[in-house]
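Engineer: Here's my sequence, what's the structure:
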Amino acid sequence: MTTTTSHTPESDDPAESAPRPARLIQNEATTEIPVHLLFRDDPNPVSVPLKPAVVGRRHGTGEQPRLHRPVPAKTRPVPEVDPALAERPARVLPGVVGVLAGGTGVAGTLLTSWWAGALPAPVVAELGLPVSGGAGLGPVQWAAYAGAVSLGLFGFGGLARGRTGRAWVLGLFGRYRGTVRRTGLMWVNPLLLRRRVDVRLRHWRSEPMPAAEGSGVALRVVVLVVWRVRDTARATLGVEDHETYLRECVEAALARVPVEMPGGVRPSMDVATDALTRLVAADATPVGLEVFSVRPVRVEYAPEVAAAMHRRRIAALDAQHRASVLTSVVDSVEDTVTRLTMRGLVELDDYERKVLVKDLTVAFCSGRTETSL
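Structural biologist: Predicted coordinates:
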């Protein structure tokens, strides 16, 4: 059996023998890119300007888009406090009312004792009272005693002295009853629980707190916080300890805001101060605290990186010094050669000029080194 092999005859048609056009990578959303340009080894590559485009999803093919829209960042939750909890003035009476009530109670006690015949004769004579028949301590006398003593304790027990820059938060059986910011002698219901709050402008200098530079280098920062209590009800009842809360807010802000070492650009420290103040104030305002500034006053490297960063800073200063010396030497050599040539003091060819530049450079560098030492 003879096997015949079929060969495809080569066409002599010039139209068919002509080179085929370069294929294109193309779809409905991208720009046409010749395939041969993707693998071009030409030392002078041809740049093809392309416009950025987003590849859309093809229906029915399951193709996902290459670029996605950026997802907006979630907003930080704001601390919430009971909206009904707000500072309001408490009802107090002038101090003279308490003095009168207490004096009346003392006088009532003495009169009841005289009525019952319990006062000694010398005391009765000293007070100028007539001699009593001595009715004895009966139920009526005991009731009078109880009323007089209660009035005296209630009158004198409610006396209080208000001081400038201090306030009292009053509560009764766990319920907020108001805030007293008055000064001087006053009478406050002695059944109310009093909590003293400092409402003056206060400065708090923190202990070294962990922070970081913009490059991530660990730091220890001491900050000065200027603040005061604005709403005594929220600062006392809205949070367990407002001073501890403020300290933790400062630590959280330092973990989010980069702080630069001293000696850098001054505006960067101001930017850090503004950012820290803004963050701490936003967290402290809902609990009744008013923060005016959070300013770093001492910044240093953390102990674990202090030695390495110290060596790095010394190396940077040395490199800067060497660069300044080299620039000064080059300028001096250039100025010397230019003056000698322009004034016609010497005529130099290229070789002589290079030798002169070399000798002057060595001489100036040696002089600068000896001066620096």
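Engineer: Could you use CA atoms for every contact and neighbour count after this?
Structural biologist: Noted.
Engineer: Stretch 130-141 spans what distance, first to last residue?
Structural biologist: For stretch 130-141, the separation between the terminal residues is 18 Å (Cα to Cα, to the nearest Å).
Engineer: again with stretch 232-252
Structural biologist: 24 Å.
Engineer: Same check on stretch 298-309?
Structural biologist: 17 Å.
Engineer: And the helix or strand containing residue 340, what does it pack against?
Structural biologist: Using DSSP states H and E, residue 340 maps to helix 303-342. The contact analysis (3 or more Cα pairs under 8 Å, 6 or more residues apart in numbering; DSSP states H and E) places helix 303-342 against helix 350-372.
Engineer: for residue 256, what are its contacts?
Structural biologist: Contacts for residue 256 (Cα atoms under 8 Å, 6 or more residues apart in numbering) come out as none.
Engineer: wait, I meant residue 239
Structural biologist: 245, 287.
Engineer: Doesn't it lie inside a strand?
Structural biologist: No: counting by DSSP: H, G, I helix; E, B strand; the rest coil, residue 239 is not part of a strand but coil.
Engineer: quick revisit: so the helix holding residue 340 versus helix 350-372, what angle?
Structural biologist: With axes from the mean of the first three to the mean of the last three Cα atoms, to 10 degrees applied, the angle from helix 303-342 to helix 350-372 works out at 140 degrees.
Engineer: Residue 97 and residue 187 touch, don't they?
Structural biologist: Yes: checked against Cα atoms under 8 Å, the pair residue 97 and residue 187 is within contact range at 7.0 Å.
Engineer: got a list of contacts for the helix or strand that contains residue 210?
Structural biologist: Taking DSSP H and E as the criterion, residue 210 maps to strand 209-212. Strand 209-212 has contacts (Cα under 8 Å, 6+ apart) with 218, 219, 220, 221, 222, 251, 254, 255, 257, 258, 259, 302.
Engineer: can you rerun that using 7 Å?
Structural biologist: Outside strand 209-212, the residues that touch it by Cα atoms under 7 Å, 6 or more residues apart in numbering are 218, 219, 220, 221, 222, 251, 254, 255, 258, 259.
Engineer: Filter those down to the ones in helices?
Structural biologist: 251, 254, 255 (DSSP state H).
Engineer: who wins for most neighbours among these?
Structural biologist: Neighbour counts for these peak at residue 254, which has 24 neighbours (criterion: other Cα atoms under 10 Å).
Engineer: ok, which stretches of this structure are helices?
Structural biologist: Under DSSP H, the chain gives helices at 14-17, 35-38, 95-116, 121-127, 139-157, 232-237, 242-256, 266-284, 303-342, 350-372.
Engineer: The third one relative to helix 139-157, how many degrees between them?
Structural biologist: Angle of helix 95-116 versus helix 139-157, following the same axes, to 10 degrees, is 160 degrees.
Engineer: List the buried residues of helix 95-116.
Structural biologist: 95, 97-99, 101-106, 108-116 (16 or more other Cα atoms under 10 Å).
Engineer: same check, this time on the longest one
Structural biologist: For helix 303-342, a neighbour-count test (16+ other Cα under 10 Å) marks 325, 326, 329, 330, 333, 337 as buried.
Engineer: who touches the residue most central in space within the chain in this structure?
Structural biologist: Taking Cα atoms, centre = their mean, the centroid of the chain lies closest to residue 276, which sits 2.8 Å from it. Neighbour list for residue 276: 253, 257, 294 [criterion: Cα under 7 Å, 6+ apart].
Engineer: Now do it, the pLDDT please.
Structural biologist: Note for residue 276: predicted pLDDT of 94.
Engineer: just residue 357 next, same as before
Structural biologist: pLDDT at residue 357 comes out at 82.
Engineer: same deal with residue 2?
Structural biologist: At residue 2, pLDDT is 44.
Engineer: What of residue 246?
Structural biologist: pLDDT, read off for residue 246, is 95.
Engineer: roughly how far apart are it and residue 206?
Structural biologist: 11 Å.
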